[in-house]
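Chemist: I would like to see how this sequence folds:
(one chain, ligands or ions: 1)
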Amino acid sequence: MNWLLRVLIIFVSCSSALLADEKNGRLDFYFIDVEGGAATLIVTPADESILIDSGYPDNGGRDRDRILNVIQNVAKLKHLDHAVVSHWHLDHYGNHAALADKIKIETFWDRGIPDSLKEDDKFADRMALYRAATQNKSRKLKAGDEFTLPTPSLPVQVKVLTASGEVIKNKGEPNPFAAKHQPQPDDETDNAKSISVLLKFGKFKFVCCGDLTWNTEAKLMMPNNPVGQIDLFMVTHHGLNVSNNPVMVLALDPRVTVTCNGPTKGAAAETIATLKQVKSLQAMFQLHRNVALKDADQAPAENIANMAETAQCKGNWIKVSVDRDGGSYTVQIGQDGKAQTFQTR
Ligand SMILES: [Zn+2]
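Modeler: Predicted coordinates for the structure are as follows:
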C-alpha cells in the first residue's frame, strides 16, 4: 500500500475514534420536564436521536423551548433523526409541528392517524398542522415492529410492544403476578392505543409505554411475560392510577423508575405504592414533587427534579446515561446534579 493511503487510513481511524470518544460510546436518555406531559429524548452512541412525544402546545412555547434547549444546548444536536407520537393527546404531540419549524426532523413516526378522535373536537385542525409538518409522510408503527440502530459500540435494538390497542405475541415465562389483575372498565380513549417500546443496549433494557392503560397493560403481560425484567422504566401515563397495573409493573421488576409527572398531575399514591412493591427497585425519580402527597409518600427529595409549582418551575430534566458496554448507568438531575450509578441487572 502506498504511503498516502496509509496516512489517510490512520487519519480516518483517528478522527472516527475521536468522534466516538466524545460520547464515550454512551447511550443517553433525557426526560424533559413538560409539566405533566411527556418528552423523552434518546441519543445513541452514534448520535442518532429519537424524540418520543413533545409536551403541551401554547404556554408561550414553554415546552417547545425546553425541548429545543435539551436537543441543541445539552445534547448538542443539530437535527432530530426521529420524532415519535405515542398517541393522539395534546400533552404528547403538542409541539411536533412547532419543533419542525425550528429544527430539521428527518422522520416522523406514529400509530397511524385516525379520521377523528371522540375526546378531541379540534382533532381535524390539529391534524392539518401535523400533516403539514410531516409533509404527510409520517410512518406507522405497529406491535411487533423491530429496528436496529447501529453504533460504534453496541447496536441499540428497539421493539414496538403495543400500538393501536394491539400487543405482541404473549410468549415468555409465565407472569407470576397475573393473578393480581383486576379488570377495569375498558378505556375508550386514545391512551389505550399508545405505542409502547422496549429498547435494549447490551443487557440494559428500558421500557416506556406512553399513556397505556390498565386493561391493555394486562393484555400485553398476561398470562406470560413477553418483555422480561428490565433496568429502567418510564412510569406509564405520568404515574396516574388508571395505568401502572401491578400485573405489568411488578413483572417488569425495574431497578430504576422515572415518572414524568407535574405538580398536580400524576405520581399518584396508588402508583407509588405499586412501585414500592417492586422487588428489585433501587431508586425512583420524579420530574416533579406531587404537591398533594407527603414527602415520605413519594420519591426522596434528592431524586425529584423540580420542587416548585409550574409558575416558578425552571424545568430541570433527568438524564440517564448508559455506559458503552451496557453494564452500568448513571442518573443525574440537571447539568449540575450529582450522578448516581446503578448496575445493569
Ligand atoms: Zn399524557
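Chemist: Let me see the backbone angles for the residue in the stretch 1-150 of the chain that the ion sits nearest to.
Modeler: Relative to the ion, the nearest point of the stretch 1-150 of the chain is residue 91 (4.4 Å; C-beta to the ion). C-beta coordinates here come from the backbone N, C-alpha and C atoms, glycine included. Dihedral pair for residue 91: phi -80, psi 0, per degrees, to the nearest 10.
Chemist: Relative to residue 220, how far out is it?
Modeler: 22 Å (C-beta to C-beta, to the nearest Å).
Chemist: And the two? Which one has more around it.
Modeler: residue 220 (25 against 22; other C-beta atoms under 10 Å).
Chemist: so what's the more buried one scoring on pLDDT?
Modeler: We have a pLDDT of 98 for residue 220.
Chemist: Confirm it sits in a helix?
Modeler: Yes: counting by DSSP: H, G, I helix; E, B strand; the rest coil, residue 220 is located in a helix.
Chemist: Would you mind measuring from the closest residue to it other than its chain neighbours to the ion?
Modeler: Spatial nearest neighbour of residue 220, excluding adjacent residues (C-beta to C-beta, 6 or more residues apart in numbering): residue 167 at 4.3 Å. Using C-beta to the ion, to the nearest Å, we find residue 167 at a distance of 20 Å from the ion.
Chemist: Tell me how many other residues surround residue 167.
Modeler: Close neighbours of residue 167, defined as other C-beta under 10 Å, add up to 21.
Chemist: Now do the contacts for it.
Modeler: Neighbour list for residue 167: 143, 161, 216, 219, 220 [criterion: C-beta atoms under 8 Å, 6 or more residues apart in numbering].
Chemist: switch to 6 Å and redo it
Modeler: 143, 219, 220 (C-beta atoms under 6 Å, 6 or more residues apart in numbering).
Chemist: residues near the second one, how many?
Modeler: Using other C-beta under 10 Å, residue 219 is surrounded by 18 other residues.
Chemist: same check, this time on the first one
Modeler: Other residues near residue 143 come to 19 when the count uses other C-beta under 10 Å.
Chemist: what sits against the residue in the stretch 201-345 of the chain positioned nearest to the ion?
Modeler: Nearest residue of the stretch 201-345 of the chain to the ion, counting by C-beta to the ion: residue 211, 4.4 Å away. Going by C-beta under 6 Å, 6+ apart, residue 211 touches 191, 194, 237.
Chemist: Can you redo those residues as JSON lines, where the extra columns are pLDDT, secondary structure and neighbour count?
Modeler: Below are these laid out as JSON lines (pLDDT from 0 to 100; DSSP: H, G, I helix; E, B strand; the rest coil; neighbours: other C-beta atoms under 10 Å):
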{"residue": "191", "pLDDT": "98", "secondary structure": "helix", "neighbour count": "25"}
{"residue": "194", "pLDDT": "98", "secondary structure": "coil", "neighbour count": "29"}
{"residue": "237", "pLDDT": "98", "secondary structure": "helix", "neighbour count": "26"}
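Chemist: I'd like these as JSON lines, with distance to residue 274 appended.
Modeler: Shown next, in JSON lines, are the contacts of residue 211 (distance: C-beta to C-beta, whole Å):
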{"residue": "191", "distance to residue 274": "18"}
{"residue": "194", "distance to residue 274": "18"}
{"residue": "237", "distance to residue 274": "13"}
